[in-house]
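Peer 1: Just the structure for this:
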Amino acid sequence: MANISSGSAFVDGELVPIGEARIPLADVGFERADCTYDVVGVWDGRFFRLDDHIERLFRGCERLRIKPPHSKDEIRQILMDLVAHSGLRESFVRFTITRGVPTPGERDVRKFVPRMYAYAMPYVWIVSPEQQLEGVGVSVARNTERNSTKAFDPTVKSHQWGDMTRALLEAYDRGSLQALLLDGDGNVTEGPGYNVFALVNGTLRTPEYGVLEGITRRSVLEIAEKIGLPTKVDTLAVSELQTADEVFLTSTAGGIIPITYVDHHEIGSGRPGDVTLSIRDMYWDMHTDAAYTDEVPYVDFADYGAGRPSHDAG
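Peer 2: Next comes the predicted model:
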């Protein structure tokens, strides 16, 4: 099969063009958001921290009590094959495990058979590289509270985005494209698809509670340790965020995103800060480091059967 520039998908053990991918309407991952997923980036033909993303997916499955239908090694190979099949050198790769499709009338979730879906598409930027050079604004949601950790574990990456979507709509109404949510005590948590960092009095701060433990977030904490920048993973007040010297967001979809306004409060000089830009450069340098990356074995695929593609040279 020829390479597919718009992307490829893995459904029911087969690789198909992303435009032809279908999921059952009765899958509770679709009907009830009963699933967990992850997103990993491919840059210049190399996966970035692939094993870390797979490990996080399995932790999510464990916390939701969903048994993955494939082993870690099998998922690794599926994702490698998926990107190779697409031919994409820069890719946004999403893989999801759902609790599955119940048999007619069955309501005992323990009896559902979990399923996996995945797709690779051209790399996605939350904020484009050109916009990142200028920095962007973020709005703190005041009418939408982050879901309670007693209701749902935020360390599980899930489709439960009701609070995130409401926060985004609030941000749009205020003229911003990015949003951050507060917890029940009024502390900063995270935004739709990203963590937040603030440089406050020489210490890099990031919220500890009510957040997904982002892989990009982890990379930033490792970079900070490497360069001797003090960090603090704890509560972060809105006032500290608004008066910080520098603020940035972190996400697989965009990396390190400089923030120059929080609500209508200018951050620092109103331009991306030196620490932010330095971390941003070091983060992208990691994408060429063999210690963090895995090369995609690009080949042509003639068929995909028995759970694996045939590697017929084109």
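Peer 1: quick check, His287 in a helix?
Peer 2: Yes: under DSSP: H, G, I helix; E, B strand; the rest coil, His287 sits within a helix.
Peer 1: Chain neighbours aside, what residue packs nearest to it?
Peer 2: Once flanking residues are discounted, His287 sits nearest to Trp43: 4.5 Å by Cβ to Cβ, 6 or more residues apart in numbering. In short, each C-beta sits where N, CA and C put it, glycine included.
Peer 1: for Ile78, same thing?
Peer 2: Once flanking residues are discounted, Ile78 sits nearest to Phe10: 5.6 Å by Cβ to Cβ, 6+ apart.
Peer 1: doesn't that neighbour fall inside a helix?
Peer 2: No: according to three-state DSSP, the state of Phe10 is strand, so it is not within a helix.
Peer 1: so where's the stretch 1-150 of the chain shaky on pLDDT?
Peer 2: Applying pLDDT under 70 to the stretch 1-150 of the chain picks out residues 1-5.
Peer 1: again, only using 90
Peer 2: Under the criterion pLDDT under 90, the flagged ranges of the stretch 1-150 of the chain are 1-6, 12.
Peer 1: Spell out the residue ranges of the strands in it.
Peer 2: In the stretch 1-150 of the chain, strands defined by DSSP state E, counting those that start in this stretch lie at 8-11, 14-17, 35-43, 46-48, 91-98, 115-122, 136-145, listed in chain order.
Peer 1: Distance to Val83 and mean neighbour count for these - can I get that in a markdown table?
Peer 2: Below are the strands of the stretch 1-150 of the chain laid out as a markdown table (distance: least, Cβ to Cβ, whole Å; neighbours: other Cβ atoms under 10 Å):
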| stretch | distance to Val83 | mean neighbour count |
| --- | --- | --- |
| strand 8-11 | 8 | 24 |
| strand 14-17 | 10 | 18 |
| strand 35-43 | 5 | 23 |
| strand 46-48 | 8 | 22 |
| strand 91-98 | 6 | 24 |
| strand 115-122 | 5 | 21 |
| strand 136-145 | 29 | 19 |
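Peer 1: Same list, these, but as TSV with distance to Gly214 please.
Peer 2: Below are the strands of the stretch 1-150 of the chain laid out as TSV (distance: least, Cβ to Cβ, whole Å):
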stretch	distance to Gly214
strand 8-11	24
strand 14-17	28
strand 35-43	10
strand 46-48	13
strand 91-98	15
strand 115-122	20
strand 136-145	16
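Peer 1: what's the closest of the ones you listed to Ser251?
Peer 2: Closest approach to Ser251 among the strands of the stretch 1-150 of the chain (Cβ to Cβ): strand 35-43, 8.8 Å.
Peer 1: what does that closest one contact?
Peer 2: Applying Cβ atoms under 8 Å, 6 or more residues apart in numbering, the contact partners of strand 35-43 are 28-29, 47-50, 53-54, 56-57, 60-61, 64, 66, 79, 83, 88-99, 120, 123, 156-159, 215, 252-253, 284, 287, 296.
Peer 1: Any of those buried? List them.
Peer 2: With burial judged by 16 or more other Cβ atoms under 10 Å, the buried subset of those is 28-29, 47-50, 53-54, 56-57, 60-61, 64, 66, 79, 83, 88, 91-99, 120, 123, 156-158, 215, 252-253, 287, 296.
Peer 1: Show me where the stretch 151-300 of the chain has its strands.
Peer 2: 179-182, 195-200, 203-207, 231-234, 246-251, 255-262, 265-266, 293-295.
Peer 1: packing partners for the first one?
Peer 2: Contacts of strand 179-182 with other secondary structure elements, assessed using 3 or more Cβ pairs under 8 Å, 6 or more residues apart in numbering; DSSP states H and E, are made with strand 136-145, helix 162-173.
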